[in-house]
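Participant: What would the 3D arrangement of this be:
(one chain, ligands or ions: 2)
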Amino acid sequence: MTLSATDVHKTYRRGREQVHALRGVTLEVQRGEVVALLGRSGSGKTTLLNCLLGWETPDSGSVRVSGAADPGRAPWATVAVVPQRFGLLDELSLADNVALPARLAATADPRGAALRTLETLRLGPLAGRMPDEVSLGEQQRTALARALVVRPDFLVADEPTGRLDEELSTHVLTTLREVYAAEGTGVLIASHDPVVVAAADRVVRLSDGRVVDG
Ligand SMILES: Nc1ncnc2c1ncn2[C@@H]1O[C@H](COP(=O)(O)OP(=O)(O)OP(=O)(O)O)[C@@H](O)[C@H]1O
Ligand SMILES: [Mg+2]
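Facilitator: Ligands and ions are numbered 1, 2, ... in the order given. Down below sits the predicted model:
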């Protein structure tokens, strides 16, 4: 099972100006591997993830999950997301935020699954708090827990350790590898974090909308 982008082009138009955000990007993530997507700010990482998720439509090229389905229509249990801006629901506690995809997926014990996932990310004691009552790093890990609660086939995460210190980043990456990737989740992480790079099976580097070597 693979999540893939093939020769994806995406140009944004700002008035008369054109921004070539992606200039023919091909990328494949297999289940069970951790892939780091690197590149300077503005190199196209978020645009590529958004195309893979169906949140943006490529001008040309294609995105696929498992060689068939459109990932934009895939259920959360197939492709789960940690957006760069977290996207937690303000009115729900951390536990309820994390339980939500499990409820939608009709998981047996959504609340139990949420609490266990929060626990693995060291958020157990904060489960009852609201998002605005915790730190940005805690919000970020909650968004990660919300993605992982259904044990997805693929996890697409946009700088998911950007608000974490080195020790927590290391814990998160170890958990992703040893718990989730080990069980078959394919992980794609856009990041600048050396901890992510060190833990990845493979690094894909973007520069100015293209994949570059090294
Ligand atoms: N909605 C948009 N309209 C116009 N230009 C955009 C839009 N979104 C992104 N861009 C431009 O496309 C290019 C790629 O942006 P993108 O967000 O993919 O970069 P990034 O690698 O994720 O950067 P960062 O590391 O800062 O998150 C940038 O030049 C950006 O300004
Ligand atoms: Mg980005």
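Participant: Can you tell me who the residue nearest to the spatial centre of the chain pairs with across the strands?
Facilitator: For the chain, the residue sitting closest to the mean C-alpha position, by CA atoms, centre = their mean, is residue 157 at 1.7 Å. Beta-bridge pairing for residue 157 (DSSP bridges): residue 82, residue 189.
Participant: Packing partners of the biggest helix by length in the chain?
Facilitator: Scanning the chain for the longest helix, with DSSP state H as the assignment, gives helix 136-148. Other elements packing on helix 136-148 under the criterion 3 or more CB pairs under 8 Å, 6 or more residues apart in numbering; DSSP states H and E are strand 79-82, helix 94-104, helix 110-120, strand 154-158, helix 166-175. The way it works is simple: take the backbone N, C-alpha and C, and place the C-beta from them, glycine included.
Participant: Quick check: which of the ones you listed is nearest to ligand 2?
Facilitator: The closest of these to ligand 2 is strand 154-158. By CB to the ion, the value is 5.8 Å.
Participant: So is the closest one next to ligand 2?
Facilitator: No. If you take CB under 5 Å from the ion as the test, strand 154-158 misses ligand 2, and the best it gets is 5.8 Å.
Participant: angle of that strand against helix 136-148?
Facilitator: 160 degrees (axes from the mean of the first three to the mean of the last three CA atoms, to 10 degrees).
Participant: So for strand 154-158, mean pLDDT?
Facilitator: On average, the pLDDT along strand 154-158 is 97.
Participant: cool, and stretch 9-29?
Facilitator: Averaging pLDDT along stretch 9-29 yields 96.
Participant: swap in stretch 204-214?
Facilitator: What stretch 204-214 shows for mean pLDDT is 92.
Participant: ok, and whatever residue of the chain ends up closest to ligand 2, which helix or strand is that part of?
Facilitator: With CB to the ion as the measure, residue 46 is the residue of the chain nearest to ligand 2, at 3.1 Å. For residue 46, the host element (DSSP states H and E) is helix 45-53.
Participant: Packing partners of that helix?
Facilitator: strand 2-14, strand 17-30, strand 34-38, strand 79-82, strand 154-158, strand 186-190.
Participant: what's the fifth one in contact with?
Facilitator: To tie it back to what came earlier, the one meant is strand 154-158. Applying CB atoms under 8 Å, 6 or more residues apart in numbering, the external contacts of strand 154-158 come out as 3, 29, 31, 45-46, 49, 52-53, 65, 78-84, 144, 147-148, 176, 180, 185-190.
Participant: angle of it against strand 34-38?
Facilitator: Counting by the same axes, to 10 degrees, strand 154-158 points 30 degrees away from the direction of strand 34-38.
Participant: got any ranges where this structure has weak pLDDT?
Facilitator: For the chain, applying pLDDT under 70 flags the ranges 67-69, 214.
Participant: Ligand 2 contacts on that one?
Facilitator: Residues of the chain lying near ligand 2 (CB under 5 Å from the ion): 45-46.
Participant: hang on, the earlier thing: show the subsequent helix or strand relative to the helix holding residue 46.
Facilitator: Once the chain leaves helix 45-53, the following helix or strand, as judged by DSSP H and E, is strand 60-65.
Participant: what's the angle from that following strand to helix 45-53?
Facilitator: Going by the same axes, to 10 degrees, strand 60-65 makes 70 degrees with helix 45-53.
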